[in-house]
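Peer 1: Quick one: sequence and predicted model below, then my questions.
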Amino acid sequence: MNWPTKKFKEIYLVGANHAVQWNRSLSATIDYMQYLETQIKKFNIGLVAEEFSEEALRKNKVGHTTSDEVSKKLLLKNSFLCDPDEKTREKIGYPTQTQLRQRFGIKSAIEGTREYKARKEHEGTFWPVREGYWLDQIKNFSQRMIFVCGSEHIKSFSSLLKQQGYTVSILDKKFGLL
């Protein structure tokens, strides 16, 4: 993939457990939303983009993410979901969690199990495809942004962004690591 690097682009990465992006009943979610609001103001952020999709909103039975809620409160013009849905995953060659479990005979999706660890390790081999998709989604935005993604993506996505000429800052706080 060939991404343009002509415009100055600055991205702040926030690592999160995805539950804080939609589950408003967690105490970590309130902390996350307050932190996000503070960082948006501090760094004069124009866009919040995140590893989440419309499909994930429907599956979790929510109308919008907590990041979107904060963005709207602060009157940001943009809040952007960047993760591929299942149809797009198939097109770009990124298997769903269900497909990964089926492919390797893994029955459990429960964190902490051996099967979960095996699935996550194999899934990591596809991260360049997924993270490249995120980059394709944000490449045309020129304003300073926060990108929220799973904490395990921080290192690899940061590296990809830097390779493409982005200025990247990793915000050190991580949320909802249950």
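Peer 2: It's in.
Peer 1: So for the longest helix along the chain, what gets flagged as buried?
Peer 2: Among the elements of the chain assigned as helix by DSSP state H, the one spanning the most residues is helix 27-43. By neighbour count on 16 or more other C-beta atoms under 10 Å, the buried set for helix 27-43 is 28-29, 32-33, 35-36, 39-40. Every residue, glycine included, has its C-beta placed from N, CA and C.
Peer 1: Mind giving me the packing neighbours of whichever helix or strand comes after it?
Peer 2: The C-terminal neighbour of helix 27-43 among helices and strands, as given by DSSP states H and E, is strand 47-50. Helices and strands touching strand 47-50, by 3 or more C-beta pairs under 8 Å, 6 or more residues apart in numbering; DSSP states H and E, are helix 66-73, strand 78-81, helix 127-138, strand 145-150.
Peer 1: quick one: buried residues of the helix or strand following strand 47-50?
Peer 2: Elements were assigned by DSSP H and E; along the chain past strand 47-50, the next helix or strand is helix 54-59. Within helix 54-59, the residues that qualify as buried are 55-57, counting by 16+ other C-beta under 10 Å.
Peer 1: Show me what helix 54-59 is packed against.
Peer 2: Under the contact criterion of 3+ C-beta pairs under 8 Å, 6+ apart, helix 54-59 touches strand 78-81.
Peer 1: What residues sit buried inside the helix or strand that comes right after the strand it packs on?
Peer 2: For strand 78-81, the succeeding helix or strand toward the C-terminus, using DSSP H and E, is helix 86-92. Judged by neighbour count using 16+ other C-beta under 10 Å, the buried positions of helix 86-92 are Arg89.
Peer 1: Got the confidence number for Gly63?
Peer 2: The score at Gly63 is 91. That number is its pLDDT.
Peer 1: my guess is it contacts Leu57, does it?
Peer 2: Yes - with contact taken as C-beta atoms under 8 Å, Gly63 and Leu57 are classed as touching, separated by 6.8 Å.
Peer 1: before we move on, back to that, turn the buried residues of helix 27-43 into TSV, columns for distance to Phe126 and pLDDT.
Peer 2: Formatted as TSV, the entries for the buried residues of helix 27-43 read as follows, by distance: C-beta to C-beta, whole Å; pLDDT from 0 to 100:
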residue	distance to Phe126	pLDDT
Ala28	27	89
Thr29	28	91
Tyr32	26	92
Met33	30	94
Tyr35	29	93
Leu36	28	94
Gln39	29	95
Ile40	31	95
